[in-house]
Structure formats: C-alpha cells, structure tokens
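Peer 1: Test case, fold it:
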Amino acid sequence: MGWWNRWRERRALERHAIPDALWRTVLSAYPFLSRRSTEDLGGLRRLCSLFLARKRFTGAQGLVIDDLMAVAIAAQACLPVLRLGLEAYDDFVGIVVHPDEVLAPRSITDDDGIVHEYDEALTGEAMAGGPVMVSWPDVAHAGDSAEQAYNVVIHEFAHVLDMRDGLADGVPLLPTAAEREAWIDTFDPLFEAFVAAVDRGEDTLIDPYGAEAPEEFFAVASEAFFVAPDALRDESPALYRLLARYYRQDPAQG
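Peer 2: Next up is the predicted model:
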C-alpha cells in the first residue's frame, strides 16, 4: 500500500499548500523559525501542510481561525518533530484555540483532608489523546516572547511527545530501553540541579515553572531549546546536548 500512502500525501500537500506570501509572513513573525536553514524550512513547510490536513482546528468562544493563525500554530507545532516525523502526533486530532487564557477549576486536598478549590489561569494544556489547547495571544506574541524562552505551542506539544509512552514524566518515547536509561541518567540530575537553583532564587533562562515536576522541566527546556537555543547552550550545555540528541536537531547552528 506504499503507493496509496504516497498518493494520499501528495493530495494533502496539494490541497493544503501554503502560499508563499503567507509563509513569508509567518517566518517574519517568528525569528526563531526564519533563522533555520533553507533545507529545514523546506521540510518544515511540508510538515505544516500535512499537519493542516490531518488536524482539526476549533476556535473557542466564537474565535474564527484564519489561515494565518492555523499556519502559525502548525509551524511552531511541527518544529519539534522536524526530524522525528509527524507520526509522533498521531494520537490526537483536535486543536482548540482560545481568544485569551482560560480559567480552569482545580482542587487539592491538604494533609488534613480538607479540599481546596481554586481557578488556575492556563495559556495552554495538552491531554492524553488530545485535544491540545492554546491561547491565541500567546501564540501571536511568540516572536517577542522568545527572548524569555517562552513558547506555549512548543511547550504543549512537548507534553504530547512526553506522553507518547503513556506517562507524562519528562521521559519521551525512546527507541530502546538502553536509550531510556541513558536519558534518565542525564535528565534526572539536570532536573534536580535546576530545582535547587530555583529554590536558591537564582535567575534561570528556563522558566522556574519547570521546577514543579520533571514533565514541566522537559516542556520548558524544549521551549528554550527551540526559541533561545544559543542561550540554552551557554547556560546548560549538557541539557542542550540531551535535547539535541532526542530531537535530532541543532537549532543553535541555524
């Protein structure tokens, strides 16, 4: 059935081809994309077309998703899987885009058994099996917020990759048990050192939110890796090398 799959892919690429002017507009809005090599951008544009063909976008609260919004989200979502392949996102279809952050009801039980309820402001959320939710203002301003190593789309799609093995634990799906063990041997000490730095009140490139849990550390580190790669490589060469091996990319080299 190889010929059938190739035919379907060609059809998807034709039907969801991204116009040159639209592609240039997206690249100019997000410098961390435009800095990539011509080869990378060609592969990214192809993946974006396939992503648009396979995923369903929904605007919440009456938000209308136009072509610019869809391509902007697709480009940032596809960047982490530029070498891994779009199959890494096969487990979900829906993407929900909100016009602003979302207040999500939460509850926790303290040590005395008392339940405390509160609202948490979310700019994005990824759930096992989907959908993925993002706030459009955060997506739209991702070109500027890259200086703070912040990117909501990459953050949430890093969670999608993390959950491919069934667990959100900061350990993405890896080809072999040996590679998984090697990841843990490197990742865990880096996470512990980061938590210690945050506890000491040190300034870090990576969002201190990453100290909440290993899965959040993986997500915020992935943000920095793709949108502020030079700074991450300078601050934590070991973390940069670990992510470069997993993502099979070296964004600091362009």
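
Peer 1: got a list of contacts for the host helix or strand of W23?
Peer 2: If you go by DSSP states H and E, W23 is part of helix 20-29. Residues from elsewhere that reach helix 20-29 (C-beta atoms under 8 Å, 6 or more residues apart in numbering): L33, S34, L41, R45, D67, L68, V71, A72, A75, A140, G143. In short, each C-beta sits where N, CA and C put it, glycine included.

Peer 1: And stretch 57-74, by the same measure?
Peer 2: 18, 22-23, 25-26, 29-30, 48, 51-52, 55, 94-99, 102, 131, 134, 136, 139-140, 153.

Peer 1: List the buried residues in it.
Peer 2: F57, G59, L63, M69, A70, V71, A72, I73, A74 (16 or more other C-beta atoms under 10 Å).

Peer 1: pLDDT score for the second one?
Peer 2: Pointing back at G59 there. For G59, the pLDDT comes out at 97.

Peer 1: what do you get for the third one?
Peer 2: What the model reports as pLDDT for L63 is 97.

Peer 1: Show me the shaky parts of the stretch 101-250 of the chain.
Peer 2: 103-107, 110, 113, 115-120 (pLDDT under 70).

Peer 1: list the contacts for the residue minimising distance to the centre of the chain?
Peer 2: For the chain, the residue sitting closest to the mean C-alpha position, by C-alpha atoms, centre = their mean, is I154 at 2.0 Å. Residues near I154 by C-beta under 8 Å, 6+ apart: Q76, A77, L79, P80, S222, E223, F226, V227.

Peer 1: from memory the second one sits against R54, does it?
Peer 2: No: A77 is beyond contact range of R54, at 11.3 Å (criterion: C-beta atoms under 8 Å).

Peer 1: neighbour count winner among the two?
Peer 2: A77 (24 against 13; other C-beta atoms under 10 Å).

Peer 1: Quickly find the element holding the more buried one.
Peer 2: Short version, using DSSP H and E: A77 is in helix 67-78.

Peer 1: relative orientation of that helix and helix 20-29 in degrees?
Peer 2: When axes from the mean of the first three to the mean of the last three C-alpha atoms, to 10 degrees is applied, the directions of helix 67-78 and helix 20-29 differ by 60 degrees.

Peer 1: tell me the mean pLDDT over helix 67-78?
Peer 2: 98.

Peer 1: roughly how far out does it sit from the chain middle?
Peer 2: Per C-alpha atoms, centre = their mean, to the nearest Å, the displacement of helix 67-78 from the mean C-alpha position of its chain is 12 Å.

Peer 1: Please export the C-alpha coordinates of that helix as PDB.
Peer 2: C-alpha atoms of helix 67-78 as PDB (Å, rounded to 0.1, in the frame of the first residue of the first chain):
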ATOM      1  CA  ASP A  67      -5.200  30.800   7.600                       C
ATOM      2  CA  LEU A  68      -2.500  32.900   9.300                       C
ATOM      3  CA  MET A  69      -3.400  31.600  12.700                       C
ATOM      4  CA  ALA A  70      -3.600  28.000  11.500                       C
ATOM      5  CA  VAL A  71      -0.200  28.100   9.800                       C
ATOM      6  CA  ALA A  72       1.400  30.000  12.700                       C
ATOM      7  CA  ILE A  73       0.300  27.200  15.100                       C
ATOM      8  CA  ALA A  74       1.200  24.500  12.700                       C
ATOM      9  CA  ALA A  75       4.700  25.800  12.100                       C
ATOM     10  CA  GLN A  76       5.500  26.000  15.800                       C
ATOM     11  CA  ALA A  77       4.000  22.600  16.500                       C
ATOM     12  CA  CYS A  78       5.900  20.900  13.700                       C
END
